[in-house]
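Student: I would like to see how this sequence folds:
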Amino acid sequence: MAKEIVAKIKLQAAGGQATPAPPVGPALGQHNISPGQFVSQFNERTKEYNGMPVPVVITVYADRTFSFITKSPPAAALLKEAAQVAKGSGVPNKEKVGTVTIEQVRQIAQKKQADLNAQDLEHACRIIEGTARSMGITVVRK
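Tutor: Next comes the predicted model:
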């Protein structure tokens, strides 16, 4: 028999560096789940992301156990890393803050394809290019 699901919690935490501090601690504490237990499992599973924000969906069961699914980091975070910029532009149509190559866009799209609403890699690339454009990052085609 399947376990009874009490809640689903969606949040973002730093990959490999999560702590029981907010937002993780309060979100899990209200459902009587030990934040320390989640944090150790989460950090072990996401250590390759090294501080990049990682979305996670935590399923809490009636017997006070939990399971969780990690998603790929947000496209904006991956683009900022690829372009080596601290943040996107405040006025992206006038002020450009960095550039990425089409090959970098393709690599980001491959990482994100499972989480995107795209039919194939080409459509996923177009979604990532749109995100770059809205951040003030120029996509360079070689």
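
Student: May I ask you to name the longest helix in this protein?
Tutor: Identified as the longest helix of the chain according to DSSP state H is helix 121-135.

Student: Dihedrals phi and psi, the residue positioned nearest the centre of the chain?
Tutor: A centroid search over the chain (C-alpha atoms, centre = their mean) returns residue 73, at 2.4 Å, as the residue closest to the centre. Backbone torsions for residue 73, taken as degrees, to the nearest 10, come to phi -60, psi 160.

Student: show me what contacts it?
Tutor: Listed by C-beta atoms under 8 Å, 6 or more residues apart in numbering, the contact partners of residue 73 are 15, 49, 52-55, 111. Glycine gets a C-beta too; all of them are placed from N, C-alpha and C.

Student: Which of the residues in the next helix-or-strand element following the longest helix of the chain are classified as buried?
Tutor: On the C-terminal side of helix 121-135, the nearest following helix or strand under DSSP states H and E is strand 137-140. Using 16 or more other C-beta atoms under 10 Å as the test for burial, strand 137-140 gives 137, 139.

Student: Can you spell out which helices and strands pack onto strand 137-140?
Tutor: Applying 3 or more C-beta pairs under 8 Å, 6 or more residues apart in numbering; DSSP states H and E, we find strand 137-140 packed against strand 98-101, helix 102-112, helix 121-135.

Student: Tabulate those (a markdown table), appending mean neighbour count and mean pLDDT.
Tutor: As requested, the helices and strands packed on strand 137-140 are exported to a markdown table (neighbours: other C-beta atoms under 10 Å; pLDDT from 0 to 100):
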| stretch | mean neighbour count | mean pLDDT |
| --- | --- | --- |
| strand 98-101 | 18 | 86 |
| helix 102-112 | 18 | 87 |
| helix 121-135 | 18 | 88 |
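
Student: Cheers, nothing more for now.
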